[in-house]
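Engineer: Give me a 3D structure for the following:
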Amino acid sequence: MPSDERPDQTRIVIPSDPMAVRQALQALFDHLMTGRMSADDRDTAQIVLAEALNNIVEHAYAQEPGEIEVIVELCASGLTCRIMDAGLPMPGGTLPQGVLAPMPSNDDLPEGGFGWHLIRTLSEDLHYRREDGRNLLTFRILAQQYPH
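Structural biologist: This next block holds a predicted model:
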């Protein structure tokens, strides 16, 4: 990594609880990332992280609670995120495609599918693997402009 690309790294471990996810995201983005990312990039990163973490809470830990480890690295080119958990693996061992279902003609929106579409649309270098009983999800959010 070039010398001007040294990341600032933050690591958090949270319980697989919706309120804990919300509090962790608020702390991460309200305090740690304020002034270090553009508002648009911060919003994008928060959306992607919220979707990924909420999926872990809802699906990976659907049968029993556990912990989620999040490592965020901030550098000049963007934000790299690594999320690890010991919950259930992704169905089929792969990420959902995130393809949106056709919108119905009435006002009833279909349930599900929007989260992975957002994650895939707003992030780069999205990867998933299961290793030693743990899920590892990594992705990057490219920066438009970071203040120095």
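Engineer: Show me where this protein has its helices.
Structural biologist: Taking DSSP state H as the criterion, the chain contains helices spanning 18-27, 39-55, 114-122.
Engineer: didn't R120 look like it was pressed against H127?
Structural biologist: No - R120 is beyond contact range of H127, at 11.8 Å (criterion: C-beta atoms under 8 Å). Placement of C-beta: from N, CA and C, glycine included.
Engineer: so where's this protein shaky on pLDDT?
Structural biologist: 1-7, 31-34, 98-113, 145-148 (pLDDT under 70).
Engineer: Give me the most central residue, it.
Structural biologist: Residue closest to the mean C-alpha point of the chain, counted by C-alpha atoms, centre = their mean, is L49 at 2.6 Å.
Engineer: so that residue makes contact with C81?
Structural biologist: Yes - taking contacts as C-beta under 8 Å, L49 lies within contact range of C81: 6.3 Å.
Engineer: shared neighbours, the two?
Structural biologist: The contact sets of L49 and C81 overlap at V70, V72 (C-beta atoms under 8 Å, 6 or more residues apart in numbering).
Engineer: Of R120 and H127, give the one with the bigger neighbour count.
Structural biologist: Neighbour comparison, R120 and H127: the larger count goes to R120, with 17 against 10 (by other C-beta atoms under 10 Å).
Engineer: how much space between that one and T94?
Structural biologist: 13 Å (C-beta to C-beta, to the nearest Å).
Engineer: what does D17 give?
Structural biologist: For D17, the distance to T94 - C-beta to C-beta - is 26 Å.
Engineer: In terms of packing, which of the two has more residues around it?
Structural biologist: D17 (14 against 11).
Engineer: Would you list the phi and psi of that one?
Structural biologist: Main-chain dihedrals, D17, degrees, to the nearest 10: phi -130, psi 130.
Engineer: ok, it - contacts?
Structural biologist: D17 neighbours (C-beta under 8 Å, 6+ apart): V57, P65.
Engineer: and stretch 25-43, how far apart are its ends?
Structural biologist: 11 Å (C-alpha to C-alpha, to the nearest Å).
Engineer: Need the residues that contact it.
Structural biologist: Applying C-beta under 8 Å, 6+ apart, the contact partners of stretch 25-43 are 8, 10, 12, 45-46, 49-50, 53, 70, 72, 74, 78-79, 141, 143-147.
Engineer: Just the buried residues out of those residues, in PyMOL syntax.
Structural biologist: The buried residues among the contacts of stretch 25-43 can be selected in PyMOL (16 or more other C-beta atoms under 10 Å) with this line:
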select buried, resi 45+46+49+50+53+70+72+74+78+79+141+143+146
